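Visitor: Model the following, please.
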Amino acid sequence: MFRVLKQLKRVFSPVTIMLIPDIQRRPLRFKIPVVVIILFFILWGAISIYSIRSGIKAKSFDEVASQRDFYKNRFSEVQSTLLSLKTAEAEFKRLFALKDREEILEALDTSDTGSLDMEVLKKQIEKAMDTVGEIRDYLRQQRDIYFATPKGSPVETGYISSNFGWRIHPKTGRRDFHSGVDIAAWPGTPVRATADGIVSFAGWSGGSGRLVVIEHGFGYTTAYAHNKKVLVKVGQKVHRGDIIAFVGSTGNTTGPHVHYEIWLDKKPVNPKPYLLEASNVK
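Guide: Reported below is the predicted structural model:
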């Protein structure tokens, strides 16, 4: 007990602090209890520690905010890429009427951003977009080829009066190569384009009479001869099924019919396989 009291006496005993301004002035003396000095240093230390910790926290908050902004921006980029992919998919479906196909992005859940590796996800999406783009370009080309390929008969009803290939010409009696098929039909029957294309010739052409020639692209060309009347002009764009002329017997012919030719890569091919879906033409 005596030792404790002795220590407390030392703590509360004053300490003299002397300040000497210069040689000519009297020194200044202050008596401050030791406990006050101890409390001052404790308070100063607490303030210092608080300031340091506050600075660290402020720095941590700045770093967190910076990281948050970074990932927010990255995720915005990913969402933008996803939107582009979905837009491409919508166009893909619109072009090819794939209404019941599964969504390309069905497996991606953008609501939980915490579990997403942004870089990996972005690369996967970009790869998927490239794949979808390639598929879309391929199907566009296939669509264009489909509509550029002659299909069906240029007349709805009729019959084949002369086939493709070598034959005896009905007027000259000589053997010659028939570069198309003759489809007999009633005069005035509408003659329709069998594929999409652009009219490259429309007018009179010697023994072919009134002739229409259409360039379809992808190596395909079709010709329709002996027409009574031509309804199209050079440079006009036509679609499969459009009426381009009426059946007649102009030029070198023995009766009303349409002489129909298909050329592929500048060579005449047999149109008959292309007429198979036209059940009314025998």
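Visitor: could you give the mean pLDDT of whichever strand or helix holds I145?
Guide: I145 is part of helix 118-148 when elements are defined by DSSP states H and E. Confidence over helix 118-148 (mean pLDDT, whole number) is 73.
Visitor: Pull out the buried residues from the next helix or strand along the chain from it.
Guide: Once the chain leaves helix 118-148, the next helix or strand it forms, by DSSP H and E, is strand 159-162. Judged by neighbour count (16 or more other CB atoms under 10 Å), strand 159-162 contains these buried residues: 160, 162. Using the backbone N, CA and C atoms, a C-beta is placed for each residue, glycine as well.
Visitor: Equivalent analysis for stretch 257-264, please.
Guide: Those buried within stretch 257-264 under the rule 16+ other CB under 10 Å are 257-263.
Visitor: Where does L211 sit: helix, strand or coil?
Guide: strand (DSSP: H, G, I helix; E, B strand; the rest coil).
Visitor: re earlier: return the subset of the buried residues of stretch 257-264 lying in strands.
Guide: 257-263 (DSSP state E).
Visitor: Just send those residues back as CSV, with distance to S179 and pLDDT too.
Guide: Below are those laid out as CSV (distance: CB to CB, whole Å; pLDDT from 0 to 100):
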residue, distance to S179, pLDDT
H257, 15, 96
V258, 14, 97
H259, 9, 97
Y260, 10, 98
E261, 6, 98
I262, 9, 97
W263, 8, 97
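Visitor: could I get the residues you listed as a markdown table with distance to A193?
Guide: Listed next are those as a markdown table, based on distance: CB to CB, whole Å:
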| residue | distance to A193 |
| --- | --- |
| H257 | 17 |
| V258 | 12 |
| H259 | 15 |
| Y260 | 11 |
| E261 | 13 |
| I262 | 12 |
| W263 | 15 |
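Visitor: Looking at these, which is nearest L276?
Guide: I262 (13.1 Å; CB to CB).
Visitor: Look up how far R174 lies from that closest one.
Guide: Using CB to CB, to the nearest Å, I262 is found at 24 Å from R174.
Visitor: do W166 as well
Guide: In terms of CB to CB, W166 sits 11 Å off from R174.
Visitor: do R192 as well
Guide: From R192 to R174 the distance is 32 Å (CB to CB).
Visitor: Looking only at neighbour counts, state which of the two leads.
Guide: R192 (20 against 8; other CB atoms under 10 Å).
Visitor: Run through the residues that contact that one.
Guide: 154-156, 240-244 (CB atoms under 8 Å, 6 or more residues apart in numbering).
Visitor: if you set the cut-off to 6 Å instead, what comes out?
Guide: R192 is in contact with 154, 241, 243, counting by CB atoms under 6 Å, 6 or more residues apart in numbering.
Visitor: my guess is the first one contacts Y260, does it?
Guide: Yes: with the criterion set as CB atoms under 6 Å, P154 and Y260 qualify as a contacting pair; they are 5.3 Å apart.
Visitor: where does the stretch 151-282 of the chain have low pLDDT?
Guide: 277-280, 282 (pLDDT under 70).
Visitor: and with 90 instead?
Guide: Counting by pLDDT under 90, the stretch 151-282 of the chain has low-confidence residues at 167-174, 176, 254, 275-282.
Visitor: So which residues of it form strands?
Guide: 159-162, 165-168, 175-178, 181-184, 190-192, 197-204, 210-217, 220-230, 237-238, 243-247, 257-264, 267-269 (DSSP state E, counting those that start in this stretch).
Visitor: Make CSV from these and add distance to Q142 to it.
Guide: Shown next, in CSV, are those (distance: least, CB to CB, whole Å):
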stretch, distance to Q142
strand 159-162, 30
strand 165-168, 31
strand 175-178, 32
strand 181-184, 27
strand 190-192, 23
strand 197-204, 17
strand 210-217, 13
strand 220-230, 15
strand 237-238, 20
strand 243-247, 25
strand 257-264, 17
strand 267-269, 20
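Visitor: closest one to I135 among the ones you listed?
Guide: Closest among the strands of the stretch 151-282 of the chain, once you apply CB to CB, is strand 210-217, at 21.3 Å.
Visitor: Check which strands are paired with the closest one and give the direction for each one.
Guide: Here strand 210-217 is paired, per DSSP bridges, with strand 197-204 (antiparallel), strand 220-230 (antiparallel).
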